[in-house]
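Chemist: sharing a sequence plus its predicted fold:
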Amino acid sequence: MNKKNRFLEFIEYILVKLIFGIFHLFPYEKGIRFGSKLFKILYIIPILRKIAYKNIEFIFHDYENFSKLYNINIPFKKFKKIIFLKNLENLGKIFFTLIYSPKINQKNISSLIKNNVDMALFNKLFEERKGLICLSFHFGNWELNGIFFSMMGYPINVIFRPLDNKLLDRYLQKYRSDK
């Protein structure tokens with residue numbers, strides 16, 4: 001890695017720490033609303049838009065049939081923009097959830113999530129002690145999933161790809177593993 005990359009990594013790290021420090025002072029709901037709006041700004045970055053559109057085109061490779069099936073009456077170009085902006089909103093919410101994760105506790109966790117898990121079935125399977133694999137992919141707020149199950153007393157292991165920025169990766173691991 002050259003010095004420029006290390007310098008850029010350091011700048012990213014400082015910016016994230018600054019954002020975490022500032023927004024940690026605000027109420028959760030305001031941070032989530034702000035995060036969902038703030039991340040939409042990333043739409044203006046051409047390389048991110050290019051990557052996102054390429055991925056959306058891959059996923060919706062048969063948009064014509066998909067749009068007919070789900071009665072979507074908008075051109076694919078506009079559809080890609082809407083999907084990308086919604087994705088950015090969600091990423092902003094997830095980012096700000098991570099900022100607030102130290103404040104999440106047993107009393108407020110249930111107000112932050114919509115639990116669609118059949119907990120009786122989950123407990124039954126867990127008590128069989130054969131192991132249980134849950135997949136969340138990148139649906140919803142995966143950061144809250146880990147916090148929720150950890151607070152419910154379940155030992156969890158998470159598989160993830162480390163961030164390219166090692167300084168940020170170490171910093172964010174603290175937030176992800178404190179619960």
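Modeler: Good, I have the coordinates. Numbers count the residues shown, from 1 in each chain.
Chemist: need the helices for this structure, in chain order.
Modeler: Here the chain has its helices, by DSSP state H, at 3-23, 28-38, 46-59, 63-69, 76-100, 109-112, 119-127, 142-151, 166-177.
Chemist: redo the ones you listed as JSON lines? Include mean pLDDT and mean neighbour count.
Modeler: Bear in mind the C-beta positions are built from the backbone N, C-alpha and C, glycine included. Below are the helices of the chain laid out as JSON lines (pLDDT from 0 to 100; neighbours: other Cβ atoms under 10 Å):
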{"stretch": "helix 3-23", "mean pLDDT": "87", "mean neighbour count": "13"}
{"stretch": "helix 28-38", "mean pLDDT": "88", "mean neighbour count": "17"}
{"stretch": "helix 46-59", "mean pLDDT": "96", "mean neighbour count": "13"}
{"stretch": "helix 63-69", "mean pLDDT": "96", "mean neighbour count": "12"}
{"stretch": "helix 76-100", "mean pLDDT": "93", "mean neighbour count": "18"}
{"stretch": "helix 109-112", "mean pLDDT": "80", "mean neighbour count": "13"}
{"stretch": "helix 119-127", "mean pLDDT": "85", "mean neighbour count": "11"}
{"stretch": "helix 142-151", "mean pLDDT": "80", "mean neighbour count": "19"}
{"stretch": "helix 166-177", "mean pLDDT": "84", "mean neighbour count": "15"}
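Chemist: now those in CSV, with distance to residue 159?
Modeler: CSV is the format used below for the helices of the chain (distance: least, Cβ to Cβ, whole Å):
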stretch, distance to residue 159
helix 3-23, 23
helix 28-38, 25
helix 46-59, 20
helix 63-69, 30
helix 76-100, 17
helix 109-112, 23
helix 119-127, 19
helix 142-151, 11
helix 166-177, 12
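Chemist: show me the contact partners of stretch 63-71.
Modeler: Here stretch 63-71 makes contact (Cβ atoms under 8 Å, 6 or more residues apart in numbering) with 60, 72-74, 76, 79.
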